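Asker: next comes the sequence, and after it the predicted model I'd like to discuss.
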Amino acid sequence: MLPLPPEQWAELTFGCADLGDQRRTKRLVHTAAELSAHTGSSLAESCEGDLSLLVGGYRLIENEAVKPEAIAEAGFQATLHALQDSELILALEDSTTLGYKHSARSKLGDLGGPKDAITKGFWAHSVMLLDAETERTLGLIDQQRWIRDDDQRGQKHQRKQRPYEEKESFKWQQSSENIERRLGEAMAKTISVCDREADIFEYTLYKLKHDQRFIVRATQNRTLIDNDKLLFDAVAETPVLGSYTVIIPQRGGRKERKATLQIKSKSVTIQSLQRPGGRLQPIKVNVVTAQEIKNDAEDKLCWILLTTEPIATFEDCRKVLRFYELRWRIEEFHKAWKTGAGVERQRMQSADNLERMAVILMFVAVRLIQIREALMLPYVRTDDEVWHEETPANQVVSDDEWQVLWLKMESKKLPDKPPSLIWLFQTIAKPGGWCNSKRTGRPGWLAIWKGWAKLQIGVEVWRMARQFWGVEMC
């Protein structure tokens, strides 16, 4: 079923926030509910002229006693409740930037672009949990935010000389420490899934020493103990376990296509490295590779994954690869945070106020992702590419919702039975700007969200008409 309505969602997410005063917590819940109900709007727009809501919202955002970390911790604790029934959890990690061009930019930091860039902002490193079996988003469990000092530009050599704990790349280990503290025993059933930026010797060593599970895409062609071979060469020489086909979705001007991937695996021991504090110990790790065949293009797929997971069989490797394929969901979160929730469109005049707003909106963005999943996951393509058209729409939306959508988009009498989920999915996206053609591919999350927001307006009007004038569906 779809996520809770905005008011119930906000209470569940932020109702236990420890902000030093229960009135602040209530104000947080009200503000989050309005921002969720008017996703992508400013604080003023979300209040729709209600002066008490607007004043209360700004008092919350501008209150120095309200710490962004306390707001975030409430949301992280809500995620903990959501994972209780999950047998295996994926912790997807990635970093992004939040950029601003208004007057508050003078209080923000370097984002790594041109030296004279107007845009300044925050860096953020997020960890989002997924249920590995259902592939549903559970919620955020950690986020680090920081402002990079402009004076660090041009100091690459000096940064390399710093202790590992003082480097920005320590964020990966810091996240692991944070989520283990929150998850406790559930850490044993959690797999960290990271892109190439996490291919750091010290990080891998930390995960192994603490018996933490991971899947990390390799970027360093490290030397192995076995005859000084290089990692990529050693794996390339191993026998093929099998192959499988994946669908690469349409994006921009690129058409959707099928790719056949050849799978290999190997257990290796990576040579130790010398660091300023001494020599690190060797690393024993499993490796899975997926190399696209029958394609001579430069952009053909090639994944080399370091992991603690079993790799003995084709099925083992296929599972590791599927878990890595799901890493894109954290990138979808970033898109939802920026484009859907509108975090970069906010115009608070201080860095602290912007950060408080950004933290609230990051949980609004997760709700957007969950709405999209509720509509999409029941009928995504299976391995044999069958669409589950027989599932009725009222399994994920209310009768009021699909009936209002039907009357609006089909302009004819209601059917005797609810239409299918595939109809619901595609029809909700049309008011959001999606057209059903081969070139446009499947509806994106933004089209689905826009269509969903418009549908909720229609449903609200319909329910008011029924309540006050006794109007019935026909």
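Answerer: Okay, I see it.

Asker: helix, strand, or coil at the nearest residue to residue 454 once chain neighbours are set aside?
Answerer: In space, residue 454 comes closest to residue 431 once its chain neighbours are excluded; the distance is 4.7 Å by C-beta to C-beta, 6 or more residues apart in numbering. C-beta coordinates here come from the backbone N, C-alpha and C atoms, glycine included. What DSSP: H, G, I helix; E, B strand; the rest coil gives for residue 431 is helix.

Asker: and for residue 431, the neighbour number?
Answerer: 18 (other C-beta atoms under 10 Å).

Asker: for residue 218, see how far away it is.
Answerer: 43 Å (C-beta to C-beta, to the nearest Å).

Asker: what's the closest non-adjacent residue to residue 281?
Answerer: Closest residue to residue 281 apart from its sequence neighbours, by C-beta to C-beta, 6+ apart: residue 272 at 5.6 Å.

Asker: quick one: contacts for residue 180?
Answerer: 187, 210, 212 (C-beta atoms under 8 Å, 6 or more residues apart in numbering).

Asker: looking at those residues, spot the one nearest residue 403.
Answerer: The closest of those to residue 403 turns out to be residue 187 (C-beta to C-beta; 45.1 Å).

Asker: do a quick rundown of the strands in the stretch 151-300 of the chain.
Answerer: Remark: strands assigned in the stretch 151-300 of the chain by DSSP state E, counting those that start in this stretch are 190-194, 213-217, 242-248, 257-270, 274-275, 278-279, 283-293.

Asker: looking at the ones you listed, which is closest to residue 141?
Answerer: strand 190-194 (9.0 Å).

Asker: ok, the residue nearest to residue 454 - contacts?
Answerer: 409, 450, 451, 454, 455.

Asker: put the alpha carbons of the helix or strand containing residue 122 into PDB.
Answerer: Taking DSSP states H and E as the criterion, residue 122 maps to strand 120-131. What follows is strand 120-131, C-alpha atoms only, in PDB (Å, rounded to 0.1, in the frame of the first residue of the first chain):
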ATOM      1  CA  LYS A 120      28.300  27.500  -3.000                       C
ATOM      2  CA  GLY A 121      26.800  25.000  -0.700                       C
ATOM      3  CA  PHE A 122      27.000  21.800   1.400                       C
ATOM      4  CA  TRP A 123      28.300  18.300   0.800                       C
ATOM      5  CA  ALA A 124      26.200  15.400   2.000                       C
ATOM      6  CA  HIS A 125      26.900  11.700   2.400                       C
ATOM      7  CA  SER A 126      23.800   9.600   2.900                       C
ATOM      8  CA  VAL A 127      23.000   6.000   3.800                       C
ATOM      9  CA  MET A 128      19.600   4.700   2.700                       C
ATOM     10  CA  LEU A 129      18.300   1.200   3.700                       C
ATOM     11  CA  LEU A 130      16.500  -1.200   1.400                       C
ATOM     12  CA  ASP A 131      14.900  -4.500   2.100                       C
END
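
Asker: mind listing what's buried along it?
Answerer: For strand 120-131, the neighbour count (16 or more other C-beta atoms under 10 Å) marks 120, 121, 122, 123, 124, 125, 126, 127, 128, 129, 130, 131 as buried.

Asker: got a pLDDT number for the nearest residue to the second one once chain neighbours are set aside?
Answerer: The one in question is residue 121. Leaving aside its sequence neighbours, residue 121 sits nearest to residue 99 (C-beta to C-beta, 6+ apart; 4.3 Å). What the model reports as pLDDT for residue 99 is 96.

Asker: verify the stated contact: residue 99 with residue 120.
Answerer: Yes: with contact defined as C-beta atoms under 8 Å, residue 99 reaches residue 120; the gap is 7.1 Å.

Asker: anything in contact with each of the two?
Answerer: Joint contacts of residue 99 and residue 120 (C-beta under 8 Å, 6+ apart) are residue 111.
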